[in-house]
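>>> quick one, fold the following:
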Amino acid sequence: MRSGHLMLACITLGIGTAAIGQQGVTPALTAAIKAPTRTPANIARDPYRHPAQTLAFFGVKPTDTVVEIWPSGGWYTEILAPYLAARGTLYAAGPSDKGLAGVKAKQAATPAAYRAVRYATFPTSTTAAAPAVPAGTADVVLTFRNVHNWRFGATDQTQAAFDQMFAMLKPGGTLGVVEHRLPEEPGPIEEAKSGYMKRSSVVAYATKAGFKLAAESKVNANPRDTHDYPKGVWTLPPGYAEGDKDRARYAAIGESDRMTLKFVKPK
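Numbers count the residues shown, from 1 in each chain. Model prediction:
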């Protein structure tokens, strides 16, 4: 079922394939991606991250209550905030106030574009400054390139993270996961510490939490990525962990090969 990067492959039984292209990309989503409040450095990453096709694939609507997990500097928040500003709600859910500082700075600079943003703690904590996302209230939960961080930390928080994301969602709600993909075949590259995760591992965590895998897209796949760099996925742009060493080669590869998985909380 391989037919190029912009192909939606629905792998659950009874679901066929459909070309993604600009399917589901509405004028409202296009306007959010072109929002004047976005920073030029972030816009430059659009050809690698395909935000229009990715958010359309996950089915994010401007009236939704959306949770963005660990937004860090707010790359996707720059799009989601204006998209949801008029009729939706966006929870920026981070581990601490420090982890949400990037989004708070953007909100302070352009409050109108960020008026839908609320703050929550993730993972949940009884001592956190911000509350947790209320259970059963979210239409969509999104996490971009975070699963390996939960595996790579001092303790493995991955299953707890998926369990908490499951709890946030309404029955029938969507979990959208974009993660650096490690090939399934055995090899010398260690999962998580390299920044890559196997698709089977991500699916297993989600399934154990109660999710059903609904579909996956190759929109963020990159066949030029060989997955075997001395400093892991951070060797590739935009990190360039090797500095100027082989920089042109890594620039030609582009950003990492990524899985794009859509899970659903059963009704």
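
>>> residues in contact with stretch 60-72?
By C-beta atoms under 8 Å, 6 or more residues apart in numbering, the list of residues contacting stretch 60-72 from outside reads 28-29, 76-77, 80, 83-84, 86-95, 99-100, 102-103, 120, 122, 133, 137-144, 146, 149, 161, 165, 168, 176. From N, CA and C alone the C-beta is placed, and that goes for glycine too.

>>> buried residues in the longest strand along the chain?
Looking across the chain with DSSP state E, the single longest strand is strand 169-182. For strand 169-182, the neighbour count (16 or more other C-beta atoms under 10 Å) marks 169, 173-182 as buried.

>>> which pair in those spans the largest distance?
With C-beta to C-beta as the measure, no two of those lie farther apart than Gly173 and Leu182, at 27.5 Å.

>>> picking up where we left off before, make JSON lines out of the buried residues of strand 169-182 and add distance to Asp228 and pLDDT.
Converted to JSON lines, those look like this (distance: C-beta to C-beta, whole Å; pLDDT from 0 to 100):
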{"residue": "Leu169", "distance to Asp228": "36", "pLDDT": "98"}
{"residue": "Gly173", "distance to Asp228": "37", "pLDDT": "98"}
{"residue": "Thr174", "distance to Asp228": "33", "pLDDT": "98"}
{"residue": "Leu175", "distance to Asp228": "29", "pLDDT": "99"}
{"residue": "Gly176", "distance to Asp228": "27", "pLDDT": "98"}
{"residue": "Val177", "distance to Asp228": "23", "pLDDT": "98"}
{"residue": "Val178", "distance to Asp228": "21", "pLDDT": "98"}
{"residue": "Glu179", "distance to Asp228": "17", "pLDDT": "98"}
{"residue": "His180", "distance to Asp228": "13", "pLDDT": "98"}
{"residue": "Arg181", "distance to Asp228": "13", "pLDDT": "97"}
{"residue": "Leu182", "distance to Asp228": "10", "pLDDT": "96"}
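
>>> of the residues you listed, which is the nearest to Glu191?
Nearest to Glu191 among the buried residues of strand 169-182, counting by C-beta to C-beta, is Leu182 at 5.6 Å.

>>> so what pairs up with that closest one in the strands?
Beta-bridge partners recorded for Leu182 (DSSP bridges): Lys198.

>>> follow-up on the earlier one: and the buried residues of strand 169-182, which is closest to His227?
If you rank these by distance to His227 using C-beta to C-beta, Leu182 comes first, at 5.9 Å.

>>> output stretch 22-42 as PDB, nothing but the C-alphas.
Extracted C-alpha coordinates of stretch 22-42, given in PDB (Å, rounded to 0.1, in the frame of the first residue of the first chain):
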ATOM      1  CA  GLN A  22      -4.800  18.500   0.800                       C
ATOM      2  CA  GLN A  23      -7.800  16.400   1.800                       C
ATOM      3  CA  GLY A  24      -9.500  17.900   4.800                       C
ATOM      4  CA  VAL A  25      -7.400  21.000   4.800                       C
ATOM      5  CA  THR A  26     -10.000  23.800   5.300                       C
ATOM      6  CA  PRO A  27      -9.700  27.500   4.700                       C
ATOM      7  CA  ALA A  28      -9.700  28.000   8.500                       C
ATOM      8  CA  LEU A  29      -6.700  25.700   8.900                       C
ATOM      9  CA  THR A  30      -4.900  27.300   6.000                       C
ATOM     10  CA  ALA A  31      -5.400  30.700   7.500                       C
ATOM     11  CA  ALA A  32      -4.000  29.500  10.900                       C
ATOM     12  CA  ILE A  33      -0.900  28.200   9.200                       C
ATOM     13  CA  LYS A  34      -0.500  31.500   7.500                       C
ATOM     14  CA  ALA A  35      -1.100  33.500  10.700                       C
ATOM     15  CA  PRO A  36       1.100  36.600  11.000                       C
ATOM     16  CA  THR A  37       1.900  35.700  14.600                       C
ATOM     17  CA  ARG A  38       3.900  32.700  13.500                       C
ATOM     18  CA  THR A  39       7.700  33.100  13.600                       C
ATOM     19  CA  PRO A  40       9.800  32.800  10.400                       C
ATOM     20  CA  ALA A  41      12.100  30.100  11.900                       C
ATOM     21  CA  ASN A  42       9.000  27.900  12.600                       C
END
